[in-house]
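1. Attaching a predicted model along with its sequence, questions to come.
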Amino acid sequence: MSNIVLFTITARYSHSAFGLRWLRANLGKYREQTQIVEFHLKQSPSMIAETLIAMRPQILGAGVYIWNLREITEVIQIVKRVLPETVVIIGGPEVSFDYEELEIFKEADYLVRGEGELSLPVLIGALLEGSAPVDRVWSKKVENLDILALPYDEYTERDLTNRIIYVESSRGCPFHCEFCLSAIEPGVRFFNREKFLKEMEKLIARGAKNFTFVDRTFNINETHALEILEFFLKRVDDSYRLHFEIVPDRLSRKVLERLKYFPRGVLHLEVGVQSVSPETLKLISRNQDIARTKEAIEYLLSETGAEVHADLVAGMPGETWESFRDGFNFLVRLSPQEIQLGILKKLRGALISRHIEDYKLSFAPFPPYEILQTNTMTYEELQKLKRMARYLELFYNQGNFPNTIKYLWQASVTPFDSLAEFSEFVWSRTGKTHELSLVTQANLLFSYLMGSGKFSKEELEQSIRKDYASKPGRTEKLSLSVQ
């Protein structure tokens, strides 16, 4: 049985713990006695603790993120009371900054801040050799990425079959967006492409077809991006899925041209727009050319087969209901396959904190530390936006109503106003943002659109029935009535 256990709690079973694989790959002589154990949020902390306690680890490492802080804190509290002799090491973005008052820091024996590939082996070595270090906090940045052992052999056959395969060709970001932790230490470091692509070749040979790049700005270096795209172009077919996070206003003509040659649906491109308000963009130190962003998204949607996922973030300093409305309408006019309305979160260490006093930013005191109100956006408005985000996911992003969605965007003054009114309509009748069946969704959409007085009953019925029939596996008969 392994005497070193590295564990975390992922948001979903399909998510793999990429950070833990990096750590194990670089533990050197301690690698073979180290086991990775992954849980997910649907599993209770008590069950997770019981599983870990049964393993009786000498050293227990925990990967802590904004979505699992509460759960892992509870797990560690249980483990330390049952196995006080087990040495607990915590690490991850949620405990790398402003950690002193966190309950989990008080419970743990040691903390590894930031990149842990170099500091964790030294700490473990000292512990196993019987000389427990006095310093509780360990940190060592990886200045040269080429010295690291790459983690891709850590993916098991089960991972390749059932989980998202995360890969990383660069670390860092050149920008200074203050809501993001990358702004703390800007700059991009690249992995050796030849070594990286050899590892991708090995993964493909083992059957991997679903690659999610975690690079913050995949296309920031044209040569780097082109070489990786060329590699996959020679190998992919329409059964592959490649996810990249891109900077739209920095997409070069050469990169855009190469994207045209991928089969439709293979590329999933995450485009962070975040805001179109000049004031807000300036306040958060985000340098973004909105006109070039628009041109790039239009090109991607008209000239390539890529699926575009575009983000907006509500609650940033200076952002108002009206300016956020402009951003949403801007994206709807472009019609990407997915639009995400995010709510600003106060990441530990993020520079956004400098605006708290001037813009009266009030955040929830518990994870995920969502913004509650600002001096330009009320609590009530942000609550409405949270519901709008969920209904947008159901009625737009999931693609359940591809024909009828155009009627929704026309039901009020602007698409944003339509979504706001529709969200209030759904909330007032159901009190729910989850667990709405497709039949229920269809009837709610039909009822709201009928109530707008802008469309005939016949055209709406025809459109919604067409959408419903296009979804595979529909066994329940659709009966439409005004709710």
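-> Great, that's in hand.

2. what's near enough to touch I343?
-> 313-315, 370-371, 382, 385-386, 389 (CB atoms under 8 Å, 6 or more residues apart in numbering). Quick note: C-beta positions are derived from backbone N, CA and C, even for glycine.

3. An error on my part: the question was meant for Y166.
-> 16, 18, 212-214.

4. same deal with P45?
-> By CB under 8 Å, 6+ apart, the contact list for P45 reads 71-72, 74-75, 78.

5. just to revisit the earlier point, of all the contacts of Y166, which two lie farthest apart?
-> Greatest spatial distance among the contacts of Y166 (CB to CB): S16 and F213, at 13.7 Å.

6. Settle it for me: which of the two has more neighbours?
-> Neighbour count, other CB atoms under 10 Å: between S16 and F213, S16 has more, with 22 against 18.

7. coming back round to it: by neighbours, which of the contacts of P45 wins?
-> Counting by other CB under 10 Å, top hit in the contacts of P45: V75 with 29 neighbours.

8. quick one: that residue and V64 touch, right?
-> No. Contact criterion CB atoms under 8 Å: V75 and V64 do not qualify, at 10.4 Å.

9. Can you tell me which of the contacts of I343 end up in helices?
-> Counting by DSSP state H, the part of these found in helices is 382, 385-386, 389.

10. Can I get those residues in CSV including pLDDT and neighbour count?
-> Formatted as CSV, the ones in helices among the contacts of I343 follow (pLDDT from 0 to 100; neighbours: other CB atoms under 10 Å):
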residue, pLDDT, neighbour count
L382, 98, 21
L385, 98, 24
K386, 97, 17
A389, 97, 20
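
11. which of those residues lies closest to W409?
-> A389 (16.4 Å).

12. ok, the closest one - contacts?
-> 340-343.

13. Can you tell me how far it is from I343?
-> Going from A389 to I343 by CB to CB, to the nearest Å gives 7 Å.

14. A54: neighbour count?
-> For A54, using other CB under 10 Å, the count is 9.

15. Can you classify it as helix, strand or coil?
-> With DSSP: H, G, I helix; E, B strand; the rest coil as the basis, A54 sits in helix.

16. got a pLDDT number for it?
-> For A54, the pLDDT comes out at 97.

17. looking at this, T440 is in a strand?
-> No. In this structure, T440 is helix, not part of a strand, as judged by three-state DSSP.

18. list the contacts for it?
-> So T440 contacts T430 (CB under 8 Å, 6+ apart).

19. What of F231?
-> Going by CB under 8 Å, 6+ apart, the list of residues near F231 reads 197, 200.

20. name the element it belongs to?
-> Element membership of F231, judged by DSSP states H and E, is helix 222-233.

21. picking up where we left off before, in TSV: the contacts of P45, plus pLDDT and distance to S452.
-> Shown next, in TSV, are the contacts of P45 (pLDDT from 0 to 100; distance: CB to CB, whole Å):
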residue	pLDDT	distance to S452
E71	97	43
I72	98	47
E74	98	47
V75	98	50
I78	98	53
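
22. Am I right that E303 is in contact with Y261?
-> No. Counting by CB under 8 Å, Y261 is not a contact partner of E303; they are 10.7 Å apart.

23. any idea how this protein splits into domains?
-> 4-142, 164-377, 399-483 (automatic domain parsing).

24. any idea how far the first one is from the chain center?
-> The one in question is domain 4-142. Put simply, domain 4-142 sits 21 Å off its chain's centre (CA atoms, centre = their mean, to the nearest Å).

25. And for stretch 390-405?
-> Relative to its chain's centre, stretch 390-405 lies at 20 Å (CA atoms, centre = their mean).

26. That stretch: end-to-end distance?
-> 15 Å (CA to CA, to the nearest Å).

27. Could you do stretch 150-168 as well?
-> End-to-end for stretch 150-168, by CA to CA: 10 Å.

28. Mind listing what's buried along that stretch?
-> The neighbour-count check on stretch 150-168 (16 or more other CB atoms under 10 Å) flags 150-152, 154-155, 159-160, 163-168 as buried.

29. of all the residues you listed, which comes closest to S463?
-> Distances from S463 to these, taken by CB to CB, are shortest for I164, at 34.1 Å.

30. Show the contacting residues for that closest one.
-> Per CB under 8 Å, 6+ apart, neighbours of I164: 14-16, 210, 212.

31. now do N287
-> N287 touches 175-176, 281, counting by CB under 8 Å, 6+ apart.

32. One more: Q373?
-> 360, 362, 379, 382.

33. okay, now the first one: neighbour count?
-> Okay, so that is K360. Counted with other CB under 10 Å, K360 comes out at 12.

34. That one against L372, yeah?
-> No. With contact defined as CB under 8 Å, K360 does not count as touching L372 (10.4 Å).
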